[in-house]
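Enquirer: just to be clear, the model below is a prediction. Sequence and coordinates:
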Amino acid sequence: MMRSLSYTPDGADAFDDPEAAIRAPGTTWVCASGDRAELDRTAERFGIHPLHVEDVVNDVRPKTEVFDEYTFFLAKAARFRVGETTFLEEIRTDPVGVFVGEGWLVTLTTSEVSAVSRVWDRVAGAERRALARGPDFVGYLVLDRIVDDYFALLDEVEDDIESVEELVIEAPDPETLAAINDLRRELLSIRRVVWPTRDAANALYRGDANHVAEATEKYYRDVYDHLVQVVELTETYRDLTSGARDIYLNTVSQSTNEVMRKLTVVSAVLLPLTFVAGLFGMNFATMPELGWPYAYPAVLVGMAGVAAVLVAYFSREEWL
């Protein structure tokens, strides 16, 4: 699918024919999504190199590249999708290629991306004058929307971490450990997205990009600052999940030690009783105690006394 929007001093107009949008005076934004053939047709109209379209299709790491004809930066929109292999959801990324040229902006995606669609609705609706500020500014709006979604993503991860921390205390079972490991994998996936995106945004505000006006650089600097916050939050949450895993392992170890201590106490109580029972269970005819009529109750009383003394001692030492 391809849609075009062009802004002139008289207002913003939408075009069904991208060729008409290209010929229209003013700033033009062409948003294309779909298969490789559709993206290639759009790229050819604006002189975008096929290798850059390939970067979008192949979902390579985020980056920024500057050329005389245009500036290209690739970002990744991230979202959760329901899955069966993680604690609650799993991360899905959608590549977004943004090309800023002289008087035009092109966004290429392999599927409909919510962040791009929301910016399009804003620019085509109540904020039409955004295009009047140049294609680099609209490119900033797209990148800023993608980064804002990172914060929403981390908010959900934070809720998952809180749930896991409660499970670690209340029900430290193997499923809890699996949930912790799933969260760590989710955070690793987010980290692989936000770190290179931060580096890509860094190149956009330093003045390296020819097609980013000096007045717009401060907006990209703001996006870079937000990405630094996202990176810091990601690392903080990874530390929290590591701490939750350590608590889980310590809790399981403490529970195992508690069980072993109780079993040791039981063994210590039964040991002298086993000795007495084994002693009187020997088949010797000359054992004098066998002829005593009170031998059996006396042995029982003695065994009960030994067990009572041992239990009292272990209780005083707080081993029970």
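Expert: Arrived safely.
Enquirer: helix or strand right after the longest helix anywhere in the chain?
Expert: The longest helix of the chain (DSSP state H) is helix 214-280. Per DSSP states H and E, helix 214-280 leads on to helix 295-316 as the next helix or strand towards the C-terminus.
Enquirer: so which elements touch that next one?
Expert: Secondary-structure packing of helix 295-316 (3 or more C-beta pairs under 8 Å, 6 or more residues apart in numbering; DSSP states H and E): helix 214-280. Glycine gets a C-beta too; all of them are placed from N, C-alpha and C.
Enquirer: the helix it packs on packs against which elements?
Expert: helix 135-170, helix 174-205, helix 295-316.
Enquirer: now the angle between helix 214-280 and the last one, please.
Expert: Taking axes from the mean of the first three to the mean of the last three C-alpha atoms, to 10 degrees, one finds helix 295-316 and helix 214-280 inclined to each other by 160 degrees.
Enquirer: list the buried residues of helix 295-316.
Expert: 303, 306, 310, 314 (16 or more other C-beta atoms under 10 Å).
Enquirer: ok, and what's touching it?
Expert: 265, 268-269, 272-273, 276-277, 280, 289, 292, 320 (C-beta atoms under 8 Å, 6 or more residues apart in numbering).
Enquirer: can you rerun that using 10 Å?
Expert: 261-262, 264-266, 268-277, 279-280, 287-290, 292, 294, 319-320 (C-beta atoms under 10 Å, 6 or more residues apart in numbering).
Enquirer: so how far is the longest helix of the chain from its chain's centroid?
Expert: 20 Å (C-alpha atoms, centre = their mean, to the nearest Å).
Enquirer: turn the helices and strands packed on helix 214-280 into CSV, including distance to residue 28 and mean pLDDT.
Expert: Below are the helices and strands packed on helix 214-280 laid out as CSV (distance: least, C-beta to C-beta, whole Å; pLDDT from 0 to 100):
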stretch, distance to residue 28, mean pLDDT
helix 135-170, 8, 89
helix 174-205, 21, 87
helix 295-316, 85, 79
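Enquirer: export the ones you listed as CSV, with columns for distance to residue 124.
Expert: Formatted as CSV, these follow (distance: least, C-beta to C-beta, whole Å):
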stretch, distance to residue 124
helix 135-170, 11
helix 174-205, 24
helix 295-316, 78
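Enquirer: quick check, nearest of the buried residues of helix 295-316 to residue 180?
Expert: Among the buried residues of helix 295-316, residue 314 lies closest to residue 180 (C-beta to C-beta), at 35.9 Å.
Enquirer: got phi/psi on the nearest residue to residue 104 once chain neighbours are set aside?
Expert: The shortest distance from residue 104 to any residue other than its chain neighbours is 4.7 Å, reached at residue 28 (C-beta to C-beta, 6 or more residues apart in numbering). Backbone torsions for residue 28, taken as degrees, to the nearest 10, come to phi -120, psi 140.
Enquirer: residue 28: how many residues sit nearby?
Expert: Neighbour count of residue 28, defined by other C-beta atoms under 10 Å: 26.
Enquirer: cool, and residue 198?
Expert: Residue 198, neighbours per other C-beta under 10 Å, totals 20.
Enquirer: ok, it - contacts?
Expert: If you count contacts by C-beta under 10 Å, 6+ apart, residue 198 has them with 62, 147, 223-231.
Enquirer: returning to that earlier point: which of the buried residues of helix 295-316 sits closest to residue 6?
Expert: residue 314 (86.3 Å).
Enquirer: quick check: the gap between that closest one and residue 259.
Expert: As judged by C-beta to C-beta, to the nearest Å, residue 314 and residue 259 stand 15 Å apart.
Enquirer: residues contacting the residue nearest to residue 221 when sequence neighbours are not counted?
Expert: Leaving aside its chain neighbours, residue 221 sits nearest to residue 205 (4.1 Å; criterion: C-beta to C-beta, 6+ apart). By C-beta under 10 Å, 6+ apart, the contact list for residue 205 reads 140, 212, 216-225.
Enquirer: got the residue ranges for the helices in the stretch 1-150 of the chain?
Expert: Using DSSP state H, counting those that start in this stretch, the helices of the stretch 1-150 of the chain run over residues 18-23, 36-46, 50-58, 114-124, 135-170.
Enquirer: out of those helices, nearest to residue 72?
Expert: helix 50-58 (5.3 Å).
Enquirer: what angle sits between the closest one and helix 36-46?
Expert: 150 degrees.
Enquirer: which residues are in contact with helix 50-58?
Expert: 32, 35-36, 39-40, 42-44, 48-49, 60-63, 65, 67, 70, 72, 74, 95-99, 107-110.
Enquirer: surely residue 153 meets residue 91?
Expert: Yes - using C-beta atoms under 10 Å, residue 153 makes contact with residue 91 at a distance of 7.7 Å.
Enquirer: what is in contact with those two at once?
Expert: Both residue 153 and residue 91 are contacted by 78-80, 186, 190, 193, under the criterion C-beta under 10 Å, 6+ apart.
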